[in-house]
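K.L.:
Here is the input, now give the coordinates:
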Amino acid sequence: MEGMPLNELSGLTGRLAEIRASLEREGVSEQMIREYFGKRAGKCGKVEACSCKCHEPGETPLPRGKMCEARFSERLEDIVKKMELVRSRVERGETFLQQVRLEEEGQGFLAGNEQIVAALRKRRQETDHFLAHERGLYMKLASERTELLLDWEPINVADFDRFVSESVLEMCDILQQLKAPGAARPTQHLRL
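P.N.:
You can find the predicted model right below:
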C-alpha cells in the first residue's frame, strides 16, 4: 500500500483479523458474510409505476444450529404442553385398565356368557393399544424435545443482527481503505 504508513496498515489488518475471528466465533461463515445484507434486503411485494408500494423485509440469516429465542421458547413450550396432555391421558388409561382388570377377575361369575367375556377382552385389547399408542406419542415428543435442546441454541436475533451488521460494515470499510485508499466511503451507515 503506497502512501499508507506501516503502523496504520498493521493496525487495519490486525483489526480486520479481529473482526473475522469474532464473526467466526459466532458461527458466521465467509459465505454468510457475502449473502448477509442481500438476504436482509427483502423484496418489493407490490410495484406500481416503477415504485415499491409494499416492501417485504427479508429475514435475518442465522448460523447453523441457532434459532430465534422466542421461536425456540414457543416450540419448547408447545412440546412440553403436549407431553403433559399425553401423560394425563396415559394416567387415565392406566386407571381405566385397572378397572378392566378387576372386571376380568370377576369373569368366573360370567361363566357361560361368552358375549360379555368377549366384550371385556376386546375392551382390554383396545385399552392396551390406546396406551401403547399414547406412550409411543410421548416418546416421539420426548425425542423432539431432546433434539430441540441438543441441536439448537436460542439467540436474541436483534442483538445478533446488530453485531453482524456492524462487524461486516466495519470489515468492508477497512477492506476499502486497504484496497482503494482514495475512494469515497459512506460518511456514515444506516443503523440496520
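K.L.:
What residues of the helix or strand containing residue 11 count as buried?
P.N.:
Secondary-structure element containing residue 11, defined by DSSP states H and E: helix 6-25. Buried residues in helix 6-25, counted by 16 or more other C-beta atoms under 10 Å: 12, 16, 19, 23. The way it works is simple: take the backbone N, C-alpha and C, and place the C-beta from them, glycine included.
K.L.:
ok, and for the helix or strand hosting residue 146, which residues are buried?
P.N.:
For residue 146, the element it lies in under DSSP H and E is helix 114-151. Neighbour counts over helix 114-151 (16+ other C-beta under 10 Å) mark 120, 123-124, 127, 130-131, 134, 137-138, 141, 144-145 as buried.
K.L.:
Now do the contacts for the most centrally placed residue in the chain.
P.N.:
If you average the C-alpha coordinates of the chain and look for the closest C-alpha using C-alpha atoms, centre = their mean, you land on residue 67, 3.7 Å from that point. The neighbours of residue 67, taking C-beta atoms under 8 Å, 6 or more residues apart in numbering as the test, are 152-155.
K.L.:
Outside of stretch 93-106 itself, which residues are in contact with it?
P.N.:
Surrounding stretch 93-106, the residues in contact under the criterion C-beta under 8 Å, 6+ apart are 120-121, 123-124, 127-128, 130-131, 134.
K.L.:
Show me what counts as buried in that stretch.
P.N.:
By neighbour count with 16+ other C-beta under 10 Å, stretch 93-106 contains the buried residues 93, 97, 100.
K.L.:
Return the alpha-carbon coordinates of that stretch using PDB.
P.N.:
What follows is stretch 93-106, C-alpha atoms only, in PDB (Å, rounded to 0.1, in the frame of the first residue of the first chain):
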ATOM      1  CA  GLY A  93     -55.900 -45.000  30.500                       C
ATOM      2  CA  GLU A  94     -54.000 -46.900  33.200                       C
ATOM      3  CA  THR A  95     -56.800 -46.200  35.700                       C
ATOM      4  CA  PHE A  96     -59.300 -47.500  33.200                       C
ATOM      5  CA  LEU A  97     -57.100 -50.500  32.600                       C
ATOM      6  CA  GLN A  98     -57.100 -51.300  36.300                       C
ATOM      7  CA  GLN A  99     -60.900 -51.200  36.300                       C
ATOM      8  CA  VAL A 100     -61.000 -53.600  33.200                       C
ATOM      9  CA  ARG A 101     -58.600 -56.000  35.000                       C
ATOM     10  CA  LEU A 102     -60.900 -56.000  38.100                       C
ATOM     11  CA  GLU A 103     -63.800 -56.800  35.800                       C
ATOM     12  CA  GLU A 104     -61.800 -59.600  34.100                       C
ATOM     13  CA  GLU A 105     -61.100 -61.100  37.500                       C
ATOM     14  CA  GLY A 106     -64.800 -61.400  38.100                       C
END
